[in-house]
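1. Provided below are the primary sequence and the corresponding predicted coordinates.
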Amino acid sequence: MGKELVNVLLGIVLTVVGVAWYVVRVPFLGDLLEAGKLVPFWRSFLVLFAASFGALLIFIGVILAWMGIEDYRNR
């Protein structure tokens, strides 16, 4: 019973962190982009990473919580 609940809780936490990634301002990313100190490639890479990281966390969190619920249900 413990492993399933850990998967569900970890999935919920990852999903909340993924949503917070888009809602909460991340100071170091904004400072890097506004300063203009990055080479254009790294600036584009940082923008792509910042845009996709939250969605990745949400996706992994939902899948992990879903797996934990299915394991708990099939016990």
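-> Perfect, I can see it now.

2. the helices in this protein, which residues?
-> 2-23, 27-35, 40-73 (DSSP state H).

3. need the ones you listed in CSV (columns: mean neighbour count and mean pLDDT).
-> For the C-beta atoms, the positions are set from N, CA and C on the backbone; glycine is no exception. Shown next, in CSV, are the helices of the chain (neighbours: other C-beta atoms under 10 Å; pLDDT from 0 to 100):
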stretch, mean neighbour count, mean pLDDT
helix 2-23, 15, 90
helix 27-35, 11, 67
helix 40-73, 14, 89
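
4. tell me how far the residue nearest the centre of the chain lies from Glu34.
-> Nearest residue to the geometric centre of the chain (C-alpha atoms, centre = their mean): Leu57, 2.4 Å. Distance, Leu57 to Glu34, by C-beta to C-beta, to the nearest Å: 24 Å.

5. quick revisit: who's in contact with the residue lying closest to the residue nearest to the centre of the chain once chain neighbours are set aside?
-> Nearest residue to Leu57 in three dimensions, chain neighbours excluded: Gly18, at 3.1 Å (C-beta to C-beta, 6 or more residues apart in numbering). Applying C-beta atoms under 8 Å, 6 or more residues apart in numbering to Gly18 gives the contacts Gly54, Ala55, Leu56, Leu57, Ile58, Phe59, Ile60, Gly61.

6. my guess is Phe53 contacts Trp21. True?
-> Yes. With contacts counted by C-beta atoms under 8 Å, Phe53 reaches Trp21, the gap being 6.1 Å.

7. so what's Val6 up against?
-> Going by C-beta under 8 Å, 6+ apart, the list of residues near Val6 reads Gly68.

8. and it, how far from Val16?
-> 16 Å.

9. likewise for Ser44?
-> Note on Ser44: its distance to Val16, by C-beta to C-beta, is 28 Å.

10. give the contact list for the residue nearest to the centre of the chain.
-> Leu57 touches Leu14, Thr15, Val17, Gly18, Trp21, counting by C-beta under 8 Å, 6+ apart.

11. got the contact list for the closest residue to Val13 other than its chain neighbours?
-> In space, and not counting its chain neighbours, Val13 is closest to Gly61: 7.1 Å by C-beta to C-beta, 6+ apart. Shown in contact with Gly61 (C-beta under 8 Å, 6+ apart): Leu10, Gly11, Ile12, Val13, Leu14, Thr15, Val16, Val17, Gly18.
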